[in-house]
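S.K.: This is a predicted model, with the sequence first.
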Amino acid sequence: MNGILIIDKPEAFTSFDVIAIVRGCMHERKTGHTGTLDPMATGVLPILLGSATKAQDIMPDTDKEYEAGFRLGITTDTLDITGKVLSSNNNAVSLEELEAVLPRFRGNIMQKPPMYSAVYKNGVRLYELARKGIEVEREERPAEVSLLELTHYDENERCGSLKICCSKGTYIRVICDDIGRALGCGCVMTSLRRTRACGYTLEDSVTLAKLRELAPIGKAKELVRPVDSIFSGYGSIKISEKQTIRFKNGGTLMLSRLKSAENKADGEFVRVYGYDGEFIAIGIIDKKNQQLAVKKRF
């Protein structure tokens, strides 16, 4: 089975737990996801099935959107509420003080991956070292935060929530921890819900309970979105029957014979559909050689 299944991941499940359940329900061994979620996190988790797994490195929209809960006045080894408490204090933080530090974490920022993460260091994942009580130096990585908005804050409880839109690979736990450092009081993430990923939202998603309900009666396939839906951000080109045969076999097509390619930019990715409307591949515009080449076939 080929396509994308949008799961609303429940708390306490790993992304691999979800994949295992999807494999069993859909009877499809070839599966993948577009970005892991920690066990405590919930929300949008696109699962790629069959040929859709080829899409991972050419998706047009890899940005994510989150709702994150936080608590000031505490730090932990995992940077979230599930970890071992390292420090705590009763320092008061006003709404104005909190709002004042947020601009530091908007736009293009640098982040140091947390020890409890899946990043590799000398061939070993950081969380494996962290579980042994080992901390190593980590290089900072760039991230882009297009939106960081305080949606709620209780000054008495020093708890609140944030809405965050960011690039792939951004650590929300680190943003919370950095906010705590900027305020001088510490901060941990208390909850995390992903509301958008790869162009899909919670409204597009289905729960595992629903999937399990529909699978035994053969209706789970109705939840699967077509492969080309993940490329909706790209333009499209429809080709003739002879061109379809050539393109399916990996051959290039002359741009001069593709009217719908006239306004495409050099290097632009496009969805290519055969004469019968079948989604064939992602093509790439090559203005230098005046041709449409195959980027990836599906």
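M.R.: Everything's here; your move.

S.K.: What is the burial count for the closest residue in space to Ala281 that isn't next to it in sequence?
M.R.: Nearest non-adjacent residue to Ala281, counting by CB to CB, 6 or more residues apart in numbering: Arg297, 4.3 Å away. Every C-beta, even on glycine, is put in place using the N, C-alpha and C of the backbone. Per other CB atoms under 10 Å, the neighbour tally for Arg297 reads 15.

S.K.: give me every residue that touches Arg297.
M.R.: 54, 248, 250, 280-281 (CB atoms under 8 Å, 6 or more residues apart in numbering).

S.K.: one more time with 10 Å, if that's ok
M.R.: When contacts are counted by CB atoms under 10 Å, 6 or more residues apart in numbering, Arg297 touches 51, 54, 247-250, 272, 280-283.

S.K.: Can I get the buried part of these as one PyMOL selection?
M.R.: Buried residues within the contacts of Arg297, by 16 or more other CB atoms under 10 Å, are selected in PyMOL with:
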select buried, resi 51+54+247+248+272+280+281+282+283
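
S.K.: possible to save the contacts of Arg297 as TSV with distance to Phe13?
M.R.: Below are the contacts of Arg297 laid out as TSV (distance: CB to CB, whole Å):
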residue	distance to Phe13
Ser51	26
Lys54	25
Phe247	40
Lys248	39
Asn249	42
Gly250	40
Val272	36
Ile280	35
Ala281	34
Ile282	31
Gly283	37
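
S.K.: For the contacts of Arg297, could you give me TSV that also reports secondary structure and distance to Met189?
M.R.: Listed next are the contacts of Arg297 as TSV, based on DSSP: H, G, I helix; E, B strand; the rest coil; distance: CB to CB, whole Å:
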residue	secondary structure	distance to Met189
Ser51	helix	36
Lys54	helix	33
Phe247	helix	47
Lys248	helix	47
Asn249	coil	50
Gly250	coil	47
Val272	strand	42
Ile280	strand	43
Ala281	strand	40
Ile282	strand	36
Gly283	strand	41
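
S.K.: Closest one of the contacts of Arg297 to Arg138?
M.R.: Set against Arg138, the nearest of the contacts of Arg297 by CB to CB is Lys54 (31.0 Å).

S.K.: Return the residues in contact with that closest one.
M.R.: Lys54 sits next to 2, 30, 32, 48, 227, 281-282, 296-298 when contact means CB under 10 Å, 6+ apart.

S.K.: Quick check: which of those residues has the minimum pLDDT.
M.R.: Scanning those for pLDDT, the low point is Gly32. It has 90.

S.K.: Adjacent strands (with direction) for the strand or helix carrying that residue?
M.R.: Per DSSP states H and E, Gly32 falls inside strand 31-33. Sheet pairing for strand 31-33, assigned by DSSP bridges, gives strand 42-49 (antiparallel).

S.K.: Output the partner strand as CSV, nothing but the C-alphas.
M.R.: Extracted C-alpha coordinates of strand 42-49, given in CSV (Å, rounded to 0.1, in the frame of the first residue of the first chain):
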residue,chain,number,x,y,z
THR,A,42,1.3,14.0,21.3
GLY,A,43,0.0,15.1,17.9
VAL,A,44,0.6,15.0,14.2
LEU,A,45,2.9,12.2,13.0
PRO,A,46,2.8,11.5,9.3
ILE,A,47,3.5,7.9,8.5
LEU,A,48,4.8,7.1,5.0
LEU,A,49,3.7,3.8,3.5
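
S.K.: list the helices and strands the next helix or strand after it packs on?
M.R.: Reading on from strand 42-49 to the C-terminus, the next helix or strand found by DSSP H and E is strand 64-72. With contacts taken as 3 or more CB pairs under 10 Å, 6 or more residues apart in numbering; DSSP states H and E, strand 64-72 sits against strand 42-49, helix 95-101, strand 141-154, strand 159-166, helix 172-183, strand 187-197.

S.K.: and strand 64-72, which strands flank it?
M.R.: In the sheet, strand 64-72 lines up with strand 159-166 (antiparallel), strand 187-197 (antiparallel) (DSSP bridges).
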